Each structure stands twice: as C-alpha cells, then as structure tokens.
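Undergrad: fold the stuff below for me.
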Amino acid sequence: MRKALVVLLLTLTACASQGLMVTDLWARPSPQMATNAAFYMVIENGTDQAEELMSANSSACGVTELHEMYDMGEGVMGMRPVEGIEIPAGETVTLQPGGLHVMCINRLEDFTAGQIIPLTLSFKNAGTLEYDVTVREN
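TA: Numbering: from 1, shown residues only. Predicted coordinates:
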C-alpha cells in the first residue's frame with residue numbers, strides 16, 4: 001500500500017510540473033562570517049498558462065525569501081522581498097545576481113564550493129518541487 005502511494009505521489013508531481021523546467025540552480029560560496037546567501041536559477045514555463053514561484057525553503061537557511069534588487073536612485077541599489085515571481089506562459093525567467101533571487105537568511109550551513117544544498121520551490125500550479133543546488137562560483 002505504501003509503495004503504491006509513493007508511486008502515485010511521484011506520478012502526480014511529474015504531471016503537475018510537466019512543462020515547467022527549473023535548470024542551472026546554483027549558489028555562491030559564502031564566507032563563514034556572512035549570515036546570508038542566495039540561490040539562483042533559470043525557470044522556463046513551457047505551458048500555456050502563467051506560473052508563479054510563490055515561496056522557497058531550505059534546511060540550510062533559518063529563513064528563505066524571494067527577493068529582488070532594485071535601483072534606489074543616484075547609483076544606489078537596494079534589495080527587497082517580493083510576494084512571488086511571475087513566469088509568464090511560454091517564457092523564461094532568470095534568477096541571477098543583481099536581480100531576482102531566493103534569499104537565504106540566517107544561513108545554518110557553510111556554503112562552500114562543491115557543496116550540495118537542498119532547496120524546495122513552491123509554485124502556484126506545478127506545486128512543490130525539490131532540487132539539489134550546487135554551490136559554485138558564477
């Protein structure tokens with residue numbers, strides 16, 4: 001019975017995420033004294049309906065938020081949380097340094113090159129998907 005339930009859940013997850021691809025997941029190494037880090041990725045929506053990244057979670061972070069960098073004027077950049085990240089139908093959104101990203105606040109693990117960090121992404125339509133993120137330089 002349990003085995004059948006696991007197969008059913010895996011099948012539902014595959015169906016829910018069909019057409020949505022998350023690739024090139026990575027995080028930069030963080031010095032030991034840094035309390036925060038960030039995750040980056042490419043999200044491709046191959047469906048005919050808009051998708052939204054609603055939240056993220058990682059056991060390596062005390063708090064995980066969706067963030068964006070923005071121009072505060074006079075050459076000063078700021079960072080702020082966002083409610084969600086829209087991925088329009090048929091389009092690709094890149095989370096990258098200097099733009100949209102998943103912020104890891106109160107880092108609970110060191111982010112060293114080559115390390116693998118678990119990251120769970122929750123989408124409006126595709127549901128909850130789990131990934132392994134590689135810590136690396138750009």
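Undergrad: quick check: bridge partners of residue 40?
TA: In this entry, residue 40 is beta-bridged to residue 26, by DSSP bridges.
Undergrad: who's in contact with it?
TA: For residue 40, the contacting residues are 24-27, 94-97, 101-102, by C-beta atoms under 8 Å, 6 or more residues apart in numbering. (Each C-beta comes from the backbone N, C-alpha and C, glycine too.)
Undergrad: keep only those of the residues you listed that are in strands.
TA: 24-27, 94-95, 101-102 (DSSP state E).
Undergrad: please name the residues that touch residue 67.
TA: 38, 79-82, 100-103.
Undergrad: could I get the residues you listed as TSV with neighbour count, pLDDT and distance to residue 70?
TA: Listed next are the contacts of residue 67 as TSV, based on neighbours: other C-beta atoms under 10 Å; pLDDT from 0 to 100; distance: C-beta to C-beta, whole Å:
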residue	neighbour count	pLDDT	distance to residue 70
38	19	97	15
79	14	92	8
80	10	94	6
81	10	96	11
82	13	97	10
100	18	97	10
101	24	98	12
102	26	98	16
103	18	97	14
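Undergrad: out of these, who's nearest residue 58?
TA: residue 102 (8.1 Å; C-beta to C-beta).
Undergrad: how much space between that closest one and residue 123?
TA: 13 Å (C-beta to C-beta, to the nearest Å).
Undergrad: how many residues are close by the nearest residue to residue 49 once chain neighbours are set aside?
TA: Setting aside the residues directly before and after it, residue 49 is nearest to residue 89 in space (C-beta to C-beta, 6 or more residues apart in numbering), at 5.4 Å. Residue 89 has 12 neighbours, counted by other C-beta atoms under 10 Å.
Undergrad: residue 126 now?
TA: Residues contacting residue 126 under the criterion other C-beta under 10 Å number 23.
Undergrad: swap in residue 87?
TA: Residues near residue 87, counting by other C-beta under 10 Å, number 23.
Undergrad: next one: residue 66
TA: 19.
Undergrad: now swap in residue 57 and tell me
TA: Look at residue 57: counted by other C-beta under 10 Å, it has 16 neighbours.
Undergrad: residue contacts, it?
TA: Contacts of residue 57 (C-beta under 8 Å, 6+ apart): 64, 119-120, 122.
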